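Trainee: this one's structure only:
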C-alpha cells in the first residue's frame, strides 16, 4: 500500500480491477498544463540492494497520449514513495514524472518488464511482464496553468527550435540565459543524504540562510533541511539571474563529493581514501555502479522543483573530464546507459534545462556520439543537448555539427584573462553550425583564465572586461547566454564558493544586459554584423534597414555605422550597460540612411562603454 499522501497536492486514486489483484495508481500533482504530474504504482517489494537489482532488472515506461501527442516516459524505483523525508531504501513504489504540454484528456498505459539488464535494453519489448502495473491504463484531465511571472510553468517548456536561441512553448518568447557556472560542486551539500566532506569541499551554504523564502518551506525535507541551498538559489533569482549549473557525478574528479550511486563502504572510509588526490580508483572499488541512492535523488528533486518556480534554467553537467572515462572504462555501455536513464527519468520533466554530456570533454568522438544518440532517443522532451570542451580543442565540434550528431548546441570554454577570445569564438561556431543548415544554440559557459576567471567584487569592483568582452561580447555575437566561472585561485572559487554575493556588483550588470535584450530589441531575428562598423572593439547586431545595435567598449563618441542608402530616417538612443538606465538621447537623435553615419556623443562619460540603438523611425 502507499505509505504517504502529501497534503500539498491534488490526488486522484484510480482503482483498476485485474484477475490477480486490485491495483492502485496514485496521481500526484496539480493536473495543469506544464505542471509536474507524478504517477505512483505499487510494484514488487524490494530495496536498493536487493539481489534482483531493481534499477537494472526492472523497466517501467509509461506512454502518455493526448490526440496526436505521445510521450514515452521512463520510470524509476522510488522505495517507499517518500524517501526525501524518510531516507528509506526499501519499499514497493515505482514512479514516473510527466509534464503535459496540452490541456484536455490524457491517457496513460504502463509497461513494466523484468529481465537481466532490461532497463538499458535498446528494445523496450525485451524481457517478460513483471506483473503488477504492467498494462495498467487510465485517464486524467489537464487544465490550463494558473502560474504567472517568472515561474517556468507560466512560460512552458524551453525548446530547441532549430534556431540560435531556445524558445518557450507557451509564451513563444526566446530565451537568453545569464547566471553561474560555479561552483561546479553546488550539490556537495551537507543536507543531502550520504553527504561527504572530501578535501573540505562540503557545503553548508550558510551565507544564504538569510535568503530563504518562507514560501519555499514546502521544498524542504526532514523539517528544515535544504533551507540554505534554497536560499542561495532564491538569491540568484532575486538578482535577475536565470541559470545555475552543477555536476551530477564527480567521483575521482576535483571535488569527489557528488554521486547519485550507492557507496560500498562507510562515509568515513570513502573520505579517507578520496581525500588523497593521487587515489583515483574509488569508482572501481567503492561504489555500486548500477545502484542509486533513492533518497538523495529525491532530495535533489526538491531543489530543482523549487528552481522551476522561480524561473531557473537547470544546467545538468553529467560528467567532467576526470570522470567521463570511468563508467564502462570509457566505452559507452551499461553503466553509462543506466546513469543517464536514471537522470532522465527523475529530472527530465523539468521545463527549462540542458543535458551537458561532459565538462572539458576529451573522449573519442565515437563515444560522444553514442552517448548523444542514447540520451536523445531516451529524452521524450527533446531538451537542449550540448557538450563542453577545452578552449584549445573546440575544433572537435567540427565533427559534431549538423547531422553528424543530435547535439543542438555547444557549451564553450575560453581562456584569455581579459576575455578577448569570447566574441570571435562564438561567431566561429555560430557561423560553422549555421553553414550546415542546422543552427546550434551556443553559450559561453566558462569564460576567462582558469585560475582567475570572474574575480570577486573585492578584487575587481567594476568588472569592465567581463562586462564588455564576455557578457556583451557573447550576446552581440548571437550567443544565447553566459554562465560565469569563478576560477580556482580566488576566494569563493569554483570549488569553495558558498556565497554568491561575492560577485554581487556584477550581477547587476547581467540584469541590465537582460533588460536591454528582452525589452528593446528582437534579438532572435538579428544577425551579427560587425562589418557595418569601423570602430575598434565594437560589435554590431542588425536587421539591415530596420534596426541596429552597436556596443562600443570605449570611446563611444567616435562610432560610425553603415546603415545603407535607403534614405530612411532612424532614431538614435543610448543605453548605459554600467548603470542599466533607460534609453537616453545623445547629441544626435535622428540620422538619415545615406551610407556611413556618425552616431554622435553619448549622454555622458563618452570614453566609457555604451550601447547604441539605431531603429527605423
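Mentor: On my side now, so go ahead. The structure presented is a predicted model; accordingly, all values stated were derived computationally and were not measured. Residues are numbered from 1 along each chain as shown.

Trainee: burial of the spatially closest residue to residue 517 that is not a sequence neighbour, as a residue count?
Mentor: Nearest non-adjacent residue to residue 517, counting by Cβ to Cβ, 6 or more residues apart in numbering: residue 523, 5.0 Å away. Yep, even glycine has a C-beta here, placed from its N, CA and C like the rest. Close neighbours of residue 523, defined as other Cβ atoms under 10 Å, add up to 19.

Trainee: roughly how far apart are residue 523 and residue 541?
Mentor: Distance, residue 523 to residue 541, using Cβ to Cβ, to the nearest Å: 7 Å.

Trainee: check which helices and strands the helix or strand residue 514 falls within sits against.
Mentor: Assigned by DSSP states H and E, residue 514 belongs to helix 504-520. Applying 3 or more Cβ pairs under 8 Å, 6 or more residues apart in numbering; DSSP states H and E, we find helix 504-520 packed against strand 177-180, helix 472-475.

Trainee: just say which of these is most tucked in.
Mentor: The highest mean neighbour count among those, using mean count of other Cβ atoms under 10 Å, belongs to helix 472-475: a mean of 27.

Trainee: what packs against that one?
Mentor: helix 422-434, strand 481-484, helix 504-520.

Trainee: quick check, residue 270 in contact with residue 286.
Mentor: Yes: between residue 270 and residue 286 there is a contact at 5.6 Å, judged by Cβ atoms under 8 Å.

Trainee: higher neighbour count, these two?
Mentor: Legend: neighbour count by other Cβ under 10 Å for residue 270 and residue 286, higher for residue 270 (23 against 20).

Trainee: that one in helix, strand or coil?
Mentor: helix (DSSP: H, G, I helix; E, B strand; the rest coil).

Trainee: show me where the stretch 351-500 of the chain has its strands.
Mentor: 353-356, 384-388, 409-413, 441-446, 481-484 (DSSP state E, counting those that start in this stretch).

Trainee: what helices and strands are in contact with the first one?
Mentor: Contacting strand 353-356 under the criterion 3+ Cβ pairs under 8 Å, 6+ apart are the following elements: strand 313-317, helix 334-347, strand 384-388, strand 409-413.

Trainee: contacts for it?
Mentor: Identification of contacts with strand 353-356 by Cβ atoms under 8 Å, 6 or more residues apart in numbering yields 158, 245, 313-318, 343-344, 347, 375, 379, 383-388, 409, 411, 445.

Trainee: go again using 7 Å as the cut-off
Mentor: With contact meaning Cβ atoms under 7 Å, 6 or more residues apart in numbering, strand 353-356 is reached by 313-318, 375, 383-388, 411.

Trainee: then the second one?
Mentor: Counting by Cβ under 7 Å, 6+ apart, the neighbours of strand 384-388 from elsewhere in the structure are 160, 166, 354-361, 368, 372, 375-376, 406-411, 413, 441, 445.

Trainee: apply 6 Å and report the result again.
Mentor: Under the contact criterion Cβ atoms under 6 Å, 6 or more residues apart in numbering, strand 384-388 has outside partners 160, 166, 354-359, 361, 407-409, 411.

Trainee: just want the angle from it to strand 313-317.
Mentor: 50 degrees (axes from the mean of the first three to the mean of the last three Cα atoms, to 10 degrees).

Trainee: against residue 137, how distant is residue 516?
Mentor: Separation of residue 516 from residue 137 (Cβ to Cβ): 50 Å.

Trainee: neighbour-wise, which of those two wins?
Mentor: A side-by-side neighbour count of residue 516 and residue 137, using other Cβ under 10 Å, places residue 516 first with 21 against 14.

Trainee: quick one on the thing from earlier: among the helices and strands packed on helix 472-475, show me which one is buried the most.
Mentor: strand 481-484 (a mean of 26).

Trainee: hang on, the earlier thing: can you list the strands of the stretch 351-500 of the chain in JSON lines and add distance to residue 499?
Mentor: Shown next, in JSON lines, are these (distance: least, Cβ to Cβ, whole Å):
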{"stretch": "strand 353-356", "distance to residue 499": "25"}
{"stretch": "strand 384-388", "distance to residue 499": "25"}
{"stretch": "strand 409-413", "distance to residue 499": "24"}
{"stretch": "strand 441-446", "distance to residue 499": "20"}
{"stretch": "strand 481-484", "distance to residue 499": "14"}
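
Trainee: what about residue 70, helix or strand, and which?
Mentor: Going by DSSP H and E, residue 70 is in strand 69-74.

Trainee: residue 237 too?
Mentor: According to DSSP H and E, residue 237 maps onto helix 227-238.

Trainee: how far out from the middle of the chain is that helix?
Mentor: 16 Å (Cα atoms, centre = their mean, to the nearest Å).

Trainee: and what of stretch 468-482?
Mentor: On the basis of Cα atoms, centre = their mean, stretch 468-482 sits 18 Å off its chain's mean C-alpha point.

Trainee: ok, stretch 29-44 next?
Mentor: Centre-to-centre, stretch 29-44 and its host chain are 22 Å apart (Cα atoms, centre = their mean).

Trainee: ok, now stretch 609-617?
Mentor: When distances are taken as Cα atoms, centre = their mean, stretch 609-617 is centred 32 Å away from the chain's centroid.

Trainee: after the helix or strand of the chain with the lowest mean pLDDT comes which helix or strand?
Mentor: Sorting the helices and strands of the chain by mean pLDDT, DSSP states H and E puts strand 11-16 at the bottom, at a mean of 39. The helix or strand immediately downstream of strand 11-16 is strand 23-28, counting by DSSP H and E.

Trainee: so which elements touch that next one?
Mentor: For strand 23-28, the elements it packs on are strand 11-16, strand 37-47, judged by 3 or more Cβ pairs under 6 Å, 6 or more residues apart in numbering; DSSP states H and E.

Trainee: give me the sheet partners of the longest one and which way each runs.
Mentor: In the sheet, strand 37-47 lines up against strand 23-28 (antiparallel), strand 90-98 (antiparallel) (DSSP bridges).

Trainee: angle of it against strand 69-74?
Mentor: Note on geometry: by the same axes, to 10 degrees, strand 37-47 and strand 69-74 are set 20 degrees apart in direction.

Trainee: other residues contacting strand 37-47?
Mentor: So strand 37-47 is contacted by 24-29, 54, 81, 89-90, 92-98, 132-133 (Cβ under 6 Å, 6+ apart).

Trainee: can you check the pLDDT for residue 24?
Mentor: Among the per-residue scores, residue 24 holds a pLDDT of 81.

Trainee: what distance do you get for it to residue 133?
Mentor: Distance from residue 24 to residue 133, by Cβ to Cβ: 9 Å.

Trainee: go on, residue 495?
Mentor: Residue 495 is 43 Å from residue 133, by Cβ to Cβ.

Trainee: quick one, which of those two is more surrounded?
Mentor: residue 133 (26 against 19).

Trainee: give the helix, strand or coil label for that one.
Mentor: Taken by three-state DSSP, the conformation at residue 133 corresponds to coil.

Trainee: any idea how far residue 604 is from the residue nearest to the spatial centre of the chain?
Mentor: Nearest to the mean C-alpha position of the chain, by Cα atoms, centre = their mean, lies residue 315 at 2.1 Å. As for residue 315, its distance to residue 604 is 37 Å (criterion: Cβ to Cβ).

Trainee: ok, and what's touching the helix holding residue 514?
Mentor: 176, 178, 239-240, 457, 463, 467, 471, 523, 575, 577, 580.

Trainee: thinking again about what came up before, between the strands of the stretch 351-500 of the chain, which one is nearest to residue 206?
Mentor: strand 481-484 (21.7 Å; Cβ to Cβ).

Trainee: okay, now residue 289: neighbour count?
Mentor: Residue 289 - counted by other Cβ under 10 Å - has 18 other residues nearby.

Trainee: I'd like the distance between it and residue 87.
Mentor: Taken as Cβ to Cβ, the span from residue 289 to residue 87 is 22 Å.
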